[in-house]
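Asks: Predicted coordinates and the sequence they were generated for:
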Amino acid sequence: MIEETTKNASTFVSQVDSTFVFIFGVSLFFLFAITIFMVYYIIRYRKSKNPVATQIEGNNTLEVIWTVIPTILVLIMFFYGWSGWKNQKEIPDDAMPIKAVARMWSFSFQYENGQITDTLIVPINQPINLDLIAQDVLHSMYIPAFRVKQDMVPGRQANIWFESEKEGEYEIFCAEYCGLRHSYMKSVVKVISQEAFEEWNKVDSTLLQSDNPEVAIRLAAKGIFRKYGCIACHTSDGSKLVGPSYKNILSRKRIVVTEDGNEVEVTPDLDYIKRSIYEPNAEVVKGYDKGLMISYKDQITDEEIDQLMLYFESISETETSNE
């Protein structure tokens, strides 16, 4: 469940929020002060009370006051903003490195042990260093609860770091317009305990052993997904992006819309997978838009499709149920 409160979500929250409150408070004070003075002088020196304009000579004291005080306030604002920016740019030496890859229209995260996830999973009270990579167009990694944001430019190195002090789930957005499905480009940061993360990481590290058949299937499939950009539109955890998730793809009947507009219930099998890859617009899963996927008929090989089938079988439930 997404956290509604962001207090202690990251070590940056307090500093960023206090800076914002200070700048907003000063701006609000002067807004009211200047407005009150304006109204006062409009009334005090209106034409009926002061028909002949009064010549007012300069006042050096006032000139100094309204020059010095705003200058000091602006320098204080600058100092708060600069110190906060500096803290976010100084990445701790013990920060855990994770690659964050953005492409139309999804984020994926690669850990040191090679595993790739659609959701960013991190331990509490551990600095995290995100190596930001944009594979196609401009994107922007934005985690509002952590008060961090960084543009992602293809071919340019960029990093952000954070340390969360509160377990929970926090939303990730792309804050740079990147095309038709920009608003769907979302993910989640899951902050869990150190013990839970070590257990989660240990399980996945074990699965990455080269002599594990299940791992071989998973790695082969993930290589194909990365090769053809499947992870930009499909997920493995059941969440919806541009296209339907391939979680339980072979164990769930689904309603598809054919080219002539008819709705048909299909049972996914090898032929269905091939049709979806070779002719993606012939049968579109109900609830998804047509024309967003190109045909991979002349690109993907039969061997790669067979590898995908093995992977889909491994992640699909044995019991069939309607989607």
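Replies: Perfect, thanks for sending it.

Asks: And Arg275, how far from Val284?
Replies: 11 Å (CB to CB, to the nearest Å). The way it works is simple: take the backbone N, C-alpha and C, and place the C-beta from them, glycine included.

Asks: and what of Thr54?
Replies: 77 Å.

Asks: neighbour count winner among those two?
Replies: Val284 (20 against 6; other CB atoms under 10 Å).

Asks: So the more buried one: helix, strand or coil?
Replies: Look at Val284: counting by DSSP: H, G, I helix; E, B strand; the rest coil, its state is strand.

Asks: Surely it touches Lys290?
Replies: Yes. Counting by CB atoms under 8 Å, Val284 touches Lys290, with 4.8 Å between them.

Asks: what is in contact with these two at once?
Replies: Val257 (CB atoms under 8 Å, 6 or more residues apart in numbering).

Asks: which regions of the stretch 101-250 of the chain lie under the pLDDT threshold?
Replies: 114, 202-212, 214-215, 226-227, 232 (pLDDT under 70).

Asks: And the helices in it?
Replies: Assigned by DSSP state H, counting those that start in this stretch, the helices in the stretch 101-250 of the chain fall at 194-207, 213-228.

Asks: What sits closest to Met96 if chain neighbours are left out?
Replies: Ile128 (5.3 Å; CB to CB, 6 or more residues apart in numbering).

Asks: What residue, apart from its backbone neighbours, is nearest Leu138 spatially?
Replies: Glu176 (4.9 Å).

Asks: how deep is the one you found tucked in, by neighbour count?
Replies: Neighbours of Glu176 (other CB under 10 Å): 19.

Asks: Which residues are in contact with it?
Replies: Glu176 neighbours (CB under 8 Å, 6+ apart): 138-140, 151-152.

Asks: out of those residues, which is most surrounded?
Replies: His139 leads these on contacts (other CB under 10 Å) with 30 neighbours.

Asks: who's that residue bridged to?
Replies: Beta bridges link His139 to Met152 when assigned by DSSP bridges.

Asks: rewinding a little: now, among the contacts of Glu176, which is nearest to Trp105?
Replies: Trp105 lies nearest to His139 out of the contacts of Glu176, by CB to CB, at 9.0 Å.

Asks: Just to check, that closest one is in contact with Cys178?
Replies: Yes. Assessed by CB under 8 Å, His139 is found in contact with Cys178 at 5.3 Å.

Asks: Mutual contacts of those two, please.
Replies: In contact with both His139 and Cys178: 102, 185, using CB under 8 Å, 6+ apart.

Asks: Hmm, Met152 and Met141 touching each other?
Replies: Yes. Counting by CB under 8 Å, Met152 is a contact partner of Met141 at 6.1 Å.

Asks: Could you tell me which residues touch both of those two?
Replies: Shared contacts of Met141 and Met152, counting by CB under 8 Å, 6+ apart, come down to 102, 132.

Asks: how much space between the residue sitting furthest away from the middle of the chain and Tyr45?
Replies: Centroid-distance maximum for the chain: Val52 at 63.3 Å, with CA atoms, centre = their mean. According to CB to CB, Val52 and Tyr45 sit 11 Å apart.

Asks: Equivalent analysis for Asn59, please.
Replies: 16 Å.

Asks: dump the residue contacts of the residue nearest to Lys297 when sequence neighbours are not counted.
Replies: Taking CB to CB, 6+ apart, and ignoring the residues beside it in sequence, Lys297 has Tyr278 as its nearest neighbour in space, at 4.1 Å. By CB under 8 Å, 6+ apart, the residues touching Tyr278 are 295-297.
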